[in-house]
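Undergrad: pasted the sequence and its predicted model underneath.
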2 protein chains.
Amino acid sequence: MTTKRIDVDVAIIGAGTAGLTARRAAKKAGASVVMIDPGPFGTTCARVGCMPSKLLIAAADAAHHAHTASTFGVHAENVSVNGAEVLARVQSERDRFVGFVVETTDEAQEMGELIVGRAHVAGDGLLTIDNGTEVGYNSLVIATGTIPFVPPPFRGLEHATLTNEGIFELEALPDSLLVVGLGVIGLELGQAFHRLGVRTTLLGVGGKIGPLADPDLLAHAREVFSAELDLHPSYELQSIEPLDRGVRVNFVDSTGRSRSEDFERVLMAAGRRSSLPKLGLDNIGINADELGGYDIDPDTLQLGAAPVFVAGDVNGLHPLLHEAADDGRIAGGNAAVFPDIRAAARRTPLAVAFSDPQIGIVGNGYAALDDCEAVAGEVDYGNQGRARVQAINKGKVRIYAERHTGRLIGAELFGPRVEHLSHLLAWAVQQGMTVETALSMPFYHPVVEEGVRTALRDLAANLKRDEAIKCAVEEFGPGT
Amino acid sequence: MTTKRIDVDVAIIGAGTAGLTARRAAKKAGASVVMIDPGPFGTTCARVGCMPSKLLIAAADAAHHAHTASTFGVHAENVSVNGAEVLARVQSERDRFVGFVVETTDEAQEMGELIVGRAHVAGDGLLTIDNGTEVGYNSLVIATGTIPFVPPPFRGLEHATLTNEGIFELEALPDSLLVVGLGVIGLELGQAFHRLGVRTTLLGVGGKIGPLADPDLLAHAREVFSAELDLHPSYELQSIEPLDRGVRVNFVDSTGRSRSEDFERVLMAAGRRSSLPKLGLDNIGINADELGGYDIDPDTLQLGAAPVFVAGDVNGLHPLLHEAADDGRIAGGNAAVFPDIRAAARRTPLAVAFSDPQIGIVGNGYAALDDCEAVAGEVDYGNQGRARVQAINKGKVRIYAERHTGRLIGAELFGPRVEHLSHLLAWAVQQGMTVETALSMPFYHPVVEEGVRTALRDLAANLKRDEAIKCAVEEFGPGT
């Protein structure tokens, strides 16, 4: 194998969302660039993430609507789900979305700006690629994403196990599915398969459901989801063993009942891990701390003091497409002008889970609120007018404001049309709106946004009463 | 009949949305009040407007979803609409909404603050009520709403004609329905009845569809609605005559074809007229101008220089529930403190039609743009990602900005989930956001809000190119 060497201003490991926007930003700044990626091309979101999951959910919604139409006086007989058709639409639409990305990577390859291969950091300013190429760089962008994590007890079940990387390749729906993990992926896909008629059990740990952190909303979400799904956010695994077809799992469910059940498939959704430790960064003197973390500046995305920038899911900051795209722009731009780098203004954080009801986190949510410095206002969607009209009247929203200024700082949402309500609130937070200003905005009638108004009014009243939340330390702290 | 006399600070004619909020505002300001209304009680919105129409549309959506589920691989056989069940849900849910309003009017009656009767302005500071009561007032709030308008050719068809006041009382769906008028009411209800299986023809004049004014969107909406509905925005009536059961109508449709067809029912949705001319205002020296208009200050709602304030639909400004509620607050507050009245800050105008695709007008829309002083940006939802995932990928949105500042001033929207997108844009307009600031806000993925971002990017590019719209006068004016 002869060694070919390429020298560029900016080398980018990874040609996903962050890598592609990094390339664009670096080129715009006048840098020469090359991306290195072994493929498959097409971004995590388009190939195995947001897009195919939303397509599957759209089919699940259709089944759910057909089953519940009688609420409105509309009757459908023999509602059936044709799994092959469902999956064929998921795959063909996904392929269309992936196609747009692949056009860009193809073009990059034609321009000599994409090497198909796996990159290793070999030394300062040097990557070796597993196809024998060497790449010399002035700055490096790492945008290698994450890989699914399979906890030890679930290893050795590969014949039955799927992750988000394989599940959208199925040609038929399984008869039964065990979902391990109640993060966004487990919750969205588990509910979708359930609604498509697959016997599904969803297992999670620590009581968590999706991205929710507010204890009030978590309790409410547990109740609502448990009414529809065989969902256990605090299960205990006793054993799991392979069968000829599928697995047998023994576990204690959230109600304390011991269960032994067989499932054809297991969806592993117990988290994803950064690919950062595998890149050879120790060869340039960069090592993880004792917790496995790396020193990444969230404002510049620089890794320590090196000419290295970490963008997208791999940096562990906000594993979301729109953040990955922003990361890429920041990292690519800074890589091109290193050492003259700058901190970039970030958007107000926003995360959405497309379960039903949907979940939204605006700002950094409940977890990030300072003790006793925030006030909350809430609405229960159980009898909200517009939601009741459409029979989507489930959920609860809590909005948070700064105690002394009344400025909106975030929200956690669980309810109807939350993908939209979350945008309204995230924009309001980013604008620095106070509760009072928000209440001066138009609210049409009848809309679910009026529920947000109810929560804002509650918030205004609680601000007046100075009813701060998360004051437990003071109220029940040591010595009381 | 003995005459009873009541003297109050503020008399309010009408106990609908505007009247009820006027009462609250006037009382809060320390005034003694009385409302006069002949009933039925319960607000136009809750009884015969926004709420029952949204309930009917929810059933129509359910039927539409069941019929189109196969797009996703979900099959429902023999989808049937049980008209009696559909209408029973509409009526029972509507009664529940009305019930909350009636609680308030009942309470007012118990407090002696509601007279059930029809009020007539008899002279300065004096109302006579048709139950024999006289009401002396210092200030008057008129909140009497509107009444459906039936154009001359359609009179004498009462046996077959329905308006929004009667249509929600039906116990069965008609076999066929002629909808006269393509405003919001005609469009929303016509499409809903069509989707519930009623043979429906929708007729309008002047090419208008709902509240749209932007010619590009109007053309697109005509195309999209015409693909689903027998819809004719520029029809010409030749004759309409009563049959034993229903009517026979002869008309030329939008394609120029002469048609003669029978319909069981006619929904008159050709507009509503202010009840202002019927109140006896001439007895206090207030008369309409030659066009039938009254001199109402939109900022204070004062009528001429009199101690009279006009709130809600009757003032002809914004016949929408949320505006009526604001109107009531302004009119009631000003009536209580007259002559020390003040102009109130209004919210950014926002109107939504719950057709499918939905229609939204933010700000005062296209019609209010100054010639050659605005720039537009647009998005076509035909291939927008999230909309395509859900197979709701129809429509187009245009956003307008001030030519020299880039400040957002309004939008017209026709597309998916417009009830939500309209709020996002209306809040942005009211905040005085520029296009650039809007583009710095978070957009999740995949969401229909990303279509708004596409339109904003187009707008930014058109601002850069200084491509103003509505410049026709200059381009093709006299002499060119």
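TA: Arrived safely. Numbering: from 1, shown residues only, chains lettered A, B, ... in the order given.
Undergrad: and for A:Ala29, nearest residue in space, chain neighbours not counted?
TA: Excluding the flanking residues, the one nearest A:Ala29 by C-beta to C-beta, 6 or more residues apart in numbering or on different chains is A:Ala336, at 3.6 Å. Any C-beta I mention is one placed from the backbone N, CA and C, and that applies to glycine too.
Undergrad: do you know how far A:Ser53 is from chain B?
TA: The spacing between A:Ser53 and chain B, counted by C-beta to the nearest C-beta, to the nearest Å, is 10 Å.
Undergrad: just A:Pro357 next, same as before
TA: Going from A:Pro357 to chain B by C-beta to the nearest C-beta gives 15 Å.
Undergrad: same deal with A:Leu276?
TA: 23 Å.
Undergrad: and if you look at A:Gly256?
TA: For A:Gly256, the distance to chain B equals 36 Å [C-beta to the nearest C-beta].
Undergrad: what packs against the strand or helix carrying A:Ala59?
TA: Using DSSP states H and E, A:Ala59 sits within helix A:50-68. Under the contact criterion of 3 or more C-beta pairs under 8 Å, 6 or more residues apart in numbering or on different chains; DSSP states H and E, helix A:50-68 touches strand A:74-81, helix A:83-110, helix A:184-195, helix B:50-68, strand B:74-81, helix B:385-389.
Undergrad: give me every residue in the stretch 201-350 of chain A lying close to chain B.
TA: Within the stretch 201-350 of chain A, the residues that sit near chain B (C-beta under 8 Å from any C-beta of the partner chain) are A:Leu320, A:Leu321, A:His322, A:Ala345, A:Arg347, A:Thr348, A:Pro349, A:Leu350.
Undergrad: got the angle for the helix holding A:Ala59 vs helix A:83-110?
TA: Here helix A:50-68 points in a direction 160 degrees away from that of helix A:83-110 (axes from the mean of the first three to the mean of the last three C-alpha atoms, to 10 degrees).
Undergrad: what comes up buried for helix A:50-68?
TA: A:50-67 (16 or more other C-beta atoms under 10 Å in any protein chain shown).
Undergrad: my read: A:Tyr444 touches B:His423, true?
TA: Yes: counting by C-beta atoms under 8 Å, A:Tyr444 touches B:His423, with 6.9 Å between them.
Undergrad: what touches both of those two?
TA: Common contacts of A:Tyr444 and B:His423, defined by C-beta atoms under 8 Å, 6 or more residues apart in numbering or on different chains, comprise B:Leu350.
Undergrad: between the two, point out the one with more neighbours.
TA: More crowded of A:Tyr444 and B:His423, by other C-beta atoms under 10 Å in any protein chain shown: B:His423, with 27 against 23.
Undergrad: now that one: closest residue in space, sequence neighbours ignored.
TA: Using C-beta to C-beta, 6+ apart, the closest residue to B:His423 is A:Glu449 (5.1 Å).
Undergrad: touching, that neighbour and B:Ser422? I think so.
TA: No: the criterion here is C-beta under 8 Å, and A:Glu449 misses it with B:Ser422 at 9.5 Å.
Undergrad: re the thing from before, what pLDDT, on average, does the helix holding A:Ala59 get?
TA: Across helix A:50-68, pLDDT averages out at 98.
Undergrad: coming back round to it: where's the dip in pLDDT among the residues of the stretch 201-350 of chain A next to chain B?
TA: Minimum confidence in these sits at A:Ala345, scoring 93.
Undergrad: thinking again about what came up before, show me the contacts for the residue nearest to B:His423.
TA: Shown in contact with A:Glu449 (C-beta under 8 Å, 6+ apart): A:Leu421, A:Leu424, A:Phe443, B:His420, B:His423.
Undergrad: again, but for A:Asn287
TA: By C-beta under 8 Å, 6+ apart, A:Asn287 lies in contact with A:Leu281.
Undergrad: what helix or strand does A:Met441 sit in?
TA: For A:Met441, there is no helix or strand it lies in under DSSP H and E.
Undergrad: that one: neighbour count?
TA: Residues near A:Met441, counting by other C-beta under 10 Å: 23.
Undergrad: that one reaches B:Leu425, doesn't it?
TA: No: here A:Met441 lies out of contact with B:Leu425, judged by C-beta under 8 Å, at a distance of 11.3 Å.
Undergrad: remind me which residues of the stretch 101-250 of chain A are low pLDDT?
TA: Scanning the stretch 101-250 of chain A for pLDDT under 70 picks out nothing.
Undergrad: contact partners for A:His67?
TA: A:Ala76, A:Val79.
Undergrad: and it, how close does it get to A:Pro357?
TA: Distance of A:His67 to A:Pro357, computed by C-beta to C-beta, to the nearest Å: 17 Å.
Undergrad: now do the strands in the stretch 351-480 of chain A.
TA: Assigned by DSSP state E, counting those that start in this stretch, the stretch 351-480 of chain A shows strands spanning A:358-362, A:374-380, A:396-402, A:408-415, A:468-469.
Undergrad: could those strands go into a markdown table alongside mean neighbour count and distance to B:Arg403?
TA: Below are those laid out as a markdown table (neighbours: other C-beta atoms under 10 Å in any protein chain shown; distance: least, C-beta to C-beta, whole Å):
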| stretch | mean neighbour count | distance to B:Arg403 |
| --- | --- | --- |
| strand A:358-362 | 27 | 33 |
| strand A:374-380 | 22 | 39 |
| strand A:396-402 | 25 | 36 |
| strand A:408-415 | 29 | 32 |
| strand A:468-469 | 19 | 46 |
